[in-house]
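Novice: sequence first, then the predicted structure, then my questions.
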Amino acid sequence: MATTSEHPAVYDREPYLLTAENLQKSYGDNLALKGLSFSLKPGRIMGFLGPNGAGKTTAIRILTTILQPTAGTFSVNGISHKEPTKIRNIIGVLPESQGFIEDMTGVEYLTFYGQLYGQRASEAKERAAGLLKEVGLDNRARSLVSTYSRGMRQRLGIARALINEPPLLFLDEPTLGLDPRGQQGLLLLLKRIARDRGKGIVLCSHLLSEIEEVCDDVVILRSGEIVASGSVAEVLQKARQNNVRIRIPAEFVEQAKKTLRTIPGVLQVSQRETNESLYWLDVELKDMPVSERQAKARLRDGLLSALVEAEIPILNYDAAGVSLQDVFLQLTDEEQ
Amino acid sequence: MTTGENTKHRPSRRATPGWVVVTLRELSALWQGGRILVLLIPFSMALSAMAYLLATNNELNLIPPKEMVLLVLQVTLGVSILISLIIGANALSGMRENGTLETLLVTPISRRQIILGKFLAALSPWPIILAISVPYAAILAPSPQFLWYSLLVISLGGTLVVIISAGFGLLISIYSNSNKSSLSISLVALLLSLSFTQLPGTAQTGNIGRFFRRINPMESTWSFTEKALVNNRTIDELTSITGPEGNWLLAPILGAGLVLGLLFVYRPKLNLEGKLDVDALLGLFRKKPSAGLMIMFILAGSLLFAPRALASEGVVKQDVQISIDRGYEVKRTGDIFNFTTQVKNSEPHQQSAPLVVAMNIINLGSGQPVDPEDWSPERTQAVDPLRPGQTSELHWEVDPILKGDYLVYLVVAPKPVGSTSTSQPVTSSAIHLTVKQYTWLNPGNVLPIAIGIPAVLTAAWLGLRALRRREIEGASPTSA
């Protein structure tokens, strides 16, 4: 699944840090997760995407042993989910709705959690000081957490998730509520943690741009199912190779659809109204291997030629500008 | 920082058990943070006002010293029950509410250790509050011996009910989604457990009333304390299963056992989401019938050892006499004195009926009788049928609790032979008992305690705050 890409020679030799097989979770008759399977290798960041109610939080809570799966299995560093205490020892978690113990200082807070992981007080305090420095809070180590800003709290939360030196981190909406500078700083920190310290990170976020920016792999969920997974590059490339968007005036929509459907290689043409007089046509082309890039380019050119010959005005043409957001919207559109 | 540990990470050797870490953290929040001390300052001020008024107000000063001590200790126990209940009820639902529970649940510490740490912290105010009340009890107690005895009694009963209240609050908190629901359910339960005292007297003293006093740990402990401190009952008498009183600590012991069993043997699931509602509570007993059986066991056990019903009275005419070994006695309040009576069957040929000898005490100043139960461990004594001419010697103990002039006398009542007959009670001569002013209680001693204890607590609170401030720096908010 989400394991190939930029450094295959390095990563393919390494064992999986996280593997999930057919994870399911039901609440009564409601099936919240319908069989998730994916895997993650060390040093990589996996983005977990999906609209509200897609099952992201449920999946994360299962993987962090807060919830038990109804069916399926997962393992962290080879440890089965049936041994939750062992798994808790080797993961770090930053929950979305995390709270902080307000009446502790930053260093007391991290020391407390370090001790819960079995560290001696002196050892935990030493680690706490190091982590506070790493996340840029060393100058506020002795300040009460209640005086921390939102961004400082998020960085403190990440430091807490690292207190036990876990190989795997789960971060749920870590940039939520941060200003752009704060977001950027946090993303750089995550990249550094993954790259420099070899941690695997599962990152839940609604900000698709940040997933695109920092993640190596992506899993897109819809209604408890995986609708796309793989490396970010793979998902984007697939979308780029197979989709073309053309904007035309409303009165030419039917004529254009008819014209495009006669072209060999066009699988489907659908329309999206952008305002009363303009429409986007989404043209899905037949799947072609990456090696046939030139053939696909010729096919796209053929679409333009056919429309020009039919004297249909083309207002916009987008064959390569598909973003992860487009893929996300396309794949998670419930009406499709 | 270390790197590359991702595939062979091993946690460090555990230096401090997780439950100790949680307990210390909770104690720090409760005590160093000043949350409890702030409550204890008004508590000590209330005790100060009470002690001062009891010692200096003429009308209140008529309350026997033992009852004054009982009052102080019952207030202490009531406050401890309330505080431990609130701390327990707030312990986990509060973490759910402020979002700190999830970060605790993803650590390797077990749920049981989390619960144990919270539970121990919820018990912590009890010994401190009891210690605060000791100086007040000491200045009001009629003697040092009574002070130590009263502390032993309150420690026995109080520890059990504080375990129950803290544990009950914690159990509710485990299943509650918010502080609001856990606190309201816990406080309603506490009010229900105390509501019995608001019923009319007949409802409390009938068989059903006695039964409910028995099975209610709060009521049982209250009765245990009162009987031990004011009604001259010994701890042995009040905890003997086979004695006439039954075991007044049975319900608290079983209640504490039930709470501890539910918390640490049944092991309730501590989940991220709390789902407390009536259905969930009923579901608990449906899933675990053993819990329901334990409650039934408590009910049955308490019923089994409920006080014996009083024997019905009857009638017969007998020639019995009763004599007393003295005619005059001068004592101070709190001084115990003993005397002996002899009951003689003067019938030359006839064996007497079973006899009951009852002690009566009349206040010559007011002309009113006093309650002998408050003045003596034994208000009545039974005498087996006496052979012709036989004499039975009975020993009595009187603990004068109020100054004044009294007559102490005894009445022998032969048991009637049937429901349509009666008997002729015989009265002894009286002891004229003069009880002098209680001298242990010196109003001059009250003021230093009444002012000193709240002052010490306030100083402790301010001192802890100052120490804490020294550990903290940069109190002003900073943006990211």
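Specialist: The structure has been received and is ready for your questions.

Novice: correct me, but residue A:51 touches residue A:220?
Specialist: No: using C-beta atoms under 8 Å, residue A:51 is not in contact with residue A:220; the gap is 9.7 Å. (Glycine included, C-beta is placed from N, CA and C.)

Novice: out of these two, which sits in the more crowded spot?
Specialist: residue A:220 (25 against 17; other C-beta atoms under 10 Å in any protein chain shown).

Novice: wasn't that one part of a strand?
Specialist: Yes: counting by DSSP: H, G, I helix; E, B strand; the rest coil, residue A:220 is part of a strand.

Novice: quick one: the residue nearest to it when sequence neighbours are not counted and residue A:302, what's the gap?
Specialist: Excluding its sequence neighbours, the residue lying closest to residue A:220 (C-beta to C-beta, 6 or more residues apart in numbering or on different chains) is residue A:228, at 4.3 Å. For residue A:228, the distance to residue A:302 equals 27 Å [C-beta to C-beta, to the nearest Å].

Novice: the two: who's more crowded?
Specialist: Comparing residue A:228 with residue A:302 by other C-beta under 10 Å, the one with more neighbours is residue A:228, at 21 against 15.

Novice: strand partners of the strand or helix carrying that one, parallel vs antiparallel please.
Specialist: Taking DSSP states H and E as the definition, residue A:228 sits inside strand A:225-231. Neighbouring strands of strand A:225-231 in its sheet, by DSSP bridges, are strand A:217-222 (antiparallel).

Novice: per-residue confidence averaged over the strand holding residue A:228?
Specialist: If you average the pLDDT over strand A:225-231, you get 85.

Novice: for stretch A:141-153, same thing?
Specialist: The model assigns stretch A:141-153 a mean pLDDT of 91.

Novice: if I've got this straight, residue A:98 is in a helix?
Specialist: No: assigned with three-state DSSP, residue A:98 falls outside any helix and is coil.

Novice: domains in chain B, by residue range?
Specialist: Per automatic domain parsing, the domain ranges recorded for chain B read B:18-304, B:320-436.

Novice: deepest-packed of these, please.
Specialist: Highest mean neighbour count of those: domain B:18-304, a mean of 19 (counted as mean count of other C-beta atoms under 10 Å in any protein chain shown).

Novice: what's the mean pLDDT across that domain?
Specialist: Mean per-residue pLDDT for domain B:18-304: 85.

Novice: can you give me phi and psi for whichever residue of the stretch 151-300 of chain B sits closest to chain A?
Specialist: Using C-beta to the nearest C-beta, the closest approach of the stretch 151-300 of chain B to chain A is made by residue B:272 at 5.4 Å. For residue B:272, the backbone dihedrals (degrees, to the nearest 10) come out as phi -60, psi -40.

Novice: show residues contacting the helix or strand encompassing residue A:93.
Specialist: Take DSSP H and E as the rule and residue A:93 turns out to sit in strand A:91-94. Applying C-beta atoms under 8 Å, 6 or more residues apart in numbering or on different chains, the contact partners of strand A:91-94 are A:64, A:76, A:154, A:157-158, A:160-164, A:166, A:168-172, A:174, B:102-103, B:106.

Novice: and the gap between the residue nearest to residue A:220 and chain B?
Specialist: Using C-beta to the nearest C-beta, to the nearest Å, we find residue A:228 at a distance of 27 Å from chain B.

Novice: isn't that residue right up against residue A:217?
Specialist: No: applying C-beta under 8 Å, one finds residue A:228 not in contact with residue A:217, separated by 11.0 Å.

Novice: circling back: so how far is residue A:139 from the residue nearest to residue A:220?
Specialist: 43 Å.

Novice: can you give me the strands in chain A?
Specialist: Per DSSP state E, chain A carries strands over the ranges A:18-27, A:30-40, A:45-49, A:71-76, A:79-80, A:91-94, A:168-172, A:200-204, A:217-222, A:225-231, A:243-249, A:266-273, A:278-285, A:316-318.

Novice: buried set for the longest one?
Specialist: By neighbour count on 16 or more other C-beta atoms under 10 Å in any protein chain shown, the buried set for strand A:30-40 is A:31, A:32, A:33, A:34, A:36, A:37, A:38, A:39, A:40.

Novice: and those residues, which is closest to chain B?
Specialist: Minimum distance to chain B across the buried residues of strand A:30-40 is 11.2 Å, recorded for residue A:40 (C-beta to the nearest C-beta).

Novice: for that closest one, which non-adjacent residue is closest in space?
Specialist: Distance criterion C-beta to C-beta, 6+ apart; nearest residue to residue A:40, sequence neighbours excluded, is residue A:18 at 4.2 Å.

Novice: likewise residue B:253?
Specialist: Nearest to residue B:253 is residue B:160, by C-beta to C-beta, 6+ apart, at 6.2 Å.

Novice: contacting residues for the one you found?
Specialist: Counted by C-beta under 8 Å, 6+ apart, residue B:160 has contacts B:217, B:221, B:249, B:252, B:253, B:255, B:256.

Novice: next helix or strand past the helix or strand hosting it?
Specialist: According to DSSP H and E, residue B:160 maps onto helix B:144-175. Downstream of helix B:144-175, the next assigned helix or strand under DSSP H and E is helix B:179-195.

Novice: still on that earlier bit, for the residue nearest to residue A:220, give its distance to residue A:221.
Specialist: As for residue A:228, its distance to residue A:221 is 9 Å (criterion: C-beta to C-beta).

Novice: nice, that's everything, thank you.
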